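In: Quick one: sequence plus predicted model below, questions after.
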Amino acid sequence: MREAGLERAIEAAGGIAQLARKIGIAQPSVSNWNRVPAQRVIAVEAATGVPRKVLRPDLYSELAVSDGILDPIDAGRAQEYALLATLLSSAPSHALLEQITQLNGDATPLGCAHAALAEAAATAVPTDVEREYFDLFVGLGRGELLPYASYYLTGFLNERPLSRLRNDLAALGIERTEHNLEPEDHAATLCEIMAGLVAGRYPASPETQRVFFEKHVARWMGRLFADLEKAENAGFYRPVGTLGRVFLEIEAEAFKFAN
């Protein structure tokens with residue numbers, strides 16, 4: 001059964017096929033959704049006008065924040081992870097780029113990263129960014145970067161870090177999304193999982209979040225983002241790398257302080 005937010009989006013778009021076309025993915029992918037995936041929320045909001053707090057109240061609900069279910073800091077963390085998951089899973093659409101231009105900056109390292117990404121989005125050409133994404137992460141044979149934990153930790157794909165991750169996901173009751181062909185240790189998937197842990201979509205204590213972060217994210221993903229900052233094919237994605245690196249540094253420090 002589809003969740004209410006997804007039903008609203010389909011109705012607003014004029015049907016499943018129209019929604020898929022508006023956000024630039026295949027119709028069967030949308031047909032298999034029972035909720036809007038975290039990494040697609042911003043694009044669906046931009047394409048349909050349905051607010052993100054309606055599409056995914058578990059991630060964005062103001063009521064949840066005010067009732068103490070999710071405090072503002074955790075809401076911001078979940079949104080940060082969701083944005084990174086979106087940008088790492090596929091090239092952003094024109095609608096998503098427009099949304100990113102609205103990111104607010106300030107004098108903090110994270111605020112400066114937001115401002116730089118918003119500036120890059122304001123001048124980005126969607127077709128150029130799509131080609132950039134292909135060159136960085138897909139390529140002819142392979143992309144410039146391989147955003148998988150197994151590769152960064154062992155030099156090979158589908159190695160022990162992936163099997164350990166699968167064991168931990170099973171313990172948390174998190175199942176692989178049907179029709180997702182990427183191994184679960186892809187950076188986009190791990191960011192989406194962290195968004196779900198922080199937002200409470202996957203019930204987990206702060207200690208469980210910390211252990212998962214330190215075991216499956218902190219050990220390698222900062223290096224991926226640092227590599228993205230200096231990648232030969234990176235243009236729009238260079239500030240994405242900065243944002244990811246800075247955010248993960250903040251997360252690491254916060255988890256240490258929480259102990």
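Out: Now that the structure is in, tell me what you want to look at.
In: phi, psi of residue 186?
Out: The phi and psi torsions at residue 186 (degrees, to the nearest 10) take the values phi -70, psi 140.
In: Name all residues that make contact with it.
Out: With contact taken as CB atoms under 8 Å, 6 or more residues apart in numbering, residue 186 is in contact with 88-89, 147-148. (Each C-beta comes from the backbone N, C-alpha and C, glycine too.)
In: Can you pick out the most distant pair from those?
Out: 89 and 148 (13.1 Å; CB to CB).
In: Follow the chain on from the strand or helix carrying residue 197 and name the next helix or strand.
Out: Secondary structure here is read from DSSP states H and E; on that basis residue 197 sits in helix 187-199. Moving toward the C-terminus from helix 187-199, the first helix or strand encountered (DSSP H and E) is helix 206-216.
In: Report the separation between the residue nearest to residue 13 when sequence neighbours are not counted and residue 236.
Out: If the residues on either side of it in the chain are set aside, residue 13 comes closest to residue 19, at 3.8 Å by CB to CB, 6 or more residues apart in numbering. In this structure, residue 19 lies at 25 Å from residue 236, with CB to CB, to the nearest Å as the measure.
In: Quickly list the domain ranges of the chain.
Out: The chain breaks down into these structural domains: 1-67, 71-258 (assignment by automatic domain parsing).
In: per-residue confidence averaged over the shortest one?
Out: The reference is to domain 1-67. Confidence for domain 1-67, expressed as mean pLDDT, is 78.
In: Check the offset of it from the chain's centre.
Out: In this view, domain 1-67 has its centroid 15 Å away from the chain centroid, taken as CA atoms, centre = their mean, to the nearest Å.
In: next one: stretch 152-166
Out: On the basis of CA atoms, centre = their mean, stretch 152-166 is displaced by 20 Å from the centre of the chain it belongs to.
In: got the end-to-end distance for that stretch?
Out: 17 Å (CA to CA, to the nearest Å).
In: tell me which residues of that stretch are tucked away?
Out: Buried residues in stretch 152-166, counting neighbours by 16 or more other CB atoms under 10 Å, are found at 152-153, 159, 161-162, 164-165.
In: what does that stretch contact?
Out: 146, 148-151, 183-185, 190, 215-216, 219-221, 223-224.
In: hang on, the earlier thing: kindly indicate which of the contacts of residue 186 lies nearest residue 10.
Out: Closest to residue 10, out of all of the contacts of residue 186 and judged by CB to CB, is residue 89, at 20.7 Å.
In: which of the buried residues of stretch 152-166 lies closest to residue 196?
Out: The shortest distance between residue 196 and any of the buried residues of stretch 152-166, using CB to CB, involves residue 165 and amounts to 14.4 Å.
In: Could you check the angle the strand or helix carrying that closest one makes with helix 206-216?
Out: Element membership of residue 165 [criterion: DSSP H and E] is helix 160-172. Counting by axes from the mean of the first three to the mean of the last three CA atoms, to 10 degrees, helix 160-172 lies at 160 degrees to helix 206-216.
In: so how far is helix 160-172 off the chain centroid?
Out: Using CA atoms, centre = their mean, the distance from the centre of helix 160-172 to the centre of the chain it belongs to is 19 Å.
In: now that helix: mean pLDDT?
Out: 95.
In: swap in stretch 230-246?
Out: 97.
In: Please apply the same query to stretch 104-118.
Out: Stretch 104-118 comes out with an average pLDDT of 93.
In: Can you give the contact residues for that stretch?
Out: 100-103, 239-240, 242-243, 246-247, 249-250.
In: out of the residues you listed, who's nearest residue 53?
Out: Of the contacts of stretch 104-118, the one sitting nearest to residue 53 (CB to CB) turns out to be residue 102, at 15.8 Å.
In: Skip the chain neighbours and tell me the closest residue to the closest one.
Out: Nearest non-adjacent residue to residue 102 (CB to CB, 6+ apart): residue 118, at 7.0 Å.
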